[in-house]
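Chemist: Give me coordinates for this.
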Amino acid sequence: MKQGKIELERAEKVAAAVIKQLSPHCLRIKVAGSIRRRRPWVNDIDLVLIPHDAWNIHAELLKLGQLKMSGSKILRLMIGDIQVDIYVASEESWATLLLIRTGSAENNIRLCSLAKKRGWRLAASGDGLFNEEGHRIADSEVTIYRALGLPYQEPRERD
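Modeler: Numbering: from 1, shown residues only. Next up, the predicted model:
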């Protein structure tokens with residue numbers, strides 16, 4: 001169960017501790033969500049990672065807090081009263097999943113709408129930005145914005 005808002009500084013400290021614990025078992029790991037957008041108050045902590053050792057990631061999470069959900073795409077952990085959502089990416093889904101999980105919801109809706117107007121699909125699952133033939137047409141946050149005809153927005157500009 002989600003609790004109240006968390007101050008950014010506290011959320012960053014918890015996120016940094018989780019990243020430090022999981023990093024040895026990841027090819028990549030990065031904070032997303034409200035923390036990445038630098039919101040002064042956040043609801044939870046969102047991380048995106050590419051595992052190279054899923055078994056040990058799971059073991060490390062059990063050391064950090066109470067595991068509430070353990071799936072192939074998302075893991076949810078409670079560290080005290082702070083919810084930590086961990087999204088599991090592949091090299092192919094990394095950029096899109098990081099973009100979608102950084103948000104904001106309004107920004108995601110705008111990007112998905114622009115893709116749809118072109119007959120494309122921006123997969124909320126993080127699978128990618130696909131053209132009408134079903135080919136992936138962007139492989140980074142910058143190229144997703146560019147493909148949609150937008151200047152790149154830094155995460156803190158995405159509210």
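Chemist: count of neighbours near Arg101?
Modeler: 23 (other C-beta atoms under 10 Å). From N, CA and C alone the C-beta is placed, and that goes for glycine too.
Chemist: List the backbone torsions phi and psi for it.
Modeler: phi -80, psi -10 (degrees, to the nearest 10).
Chemist: How about the contacts made by it?
Modeler: Ala32, Gly33, Asp46, Val48, Tyr87, Gly126 (C-beta atoms under 8 Å, 6 or more residues apart in numbering).
Chemist: burial count for the fifth one?
Modeler: Spelled out, that is Tyr87. So Tyr87, with other C-beta under 10 Å, has 20 neighbours.
Chemist: ok, now which ones touch it?
Modeler: Contacts for Tyr87 (C-beta under 8 Å, 6+ apart) come out as Ala32, Asp46, Leu47, Val48, Leu49, Lys73, Ile74, Leu97, Arg101, Gly126.
Chemist: In terms of pLDDT, where does it sit?
Modeler: Looking at Tyr87, its pLDDT stands at 96.
Chemist: Surely it forms part of a strand?
Modeler: Yes. Counting by DSSP: H, G, I helix; E, B strand; the rest coil, Tyr87 falls inside a strand.
Chemist: rewinding a little: tell me which of the contacts of Arg101 fall in strands.
Modeler: When DSSP state E defines the strands, the subset of those inside them is Asp46, Val48, Tyr87.
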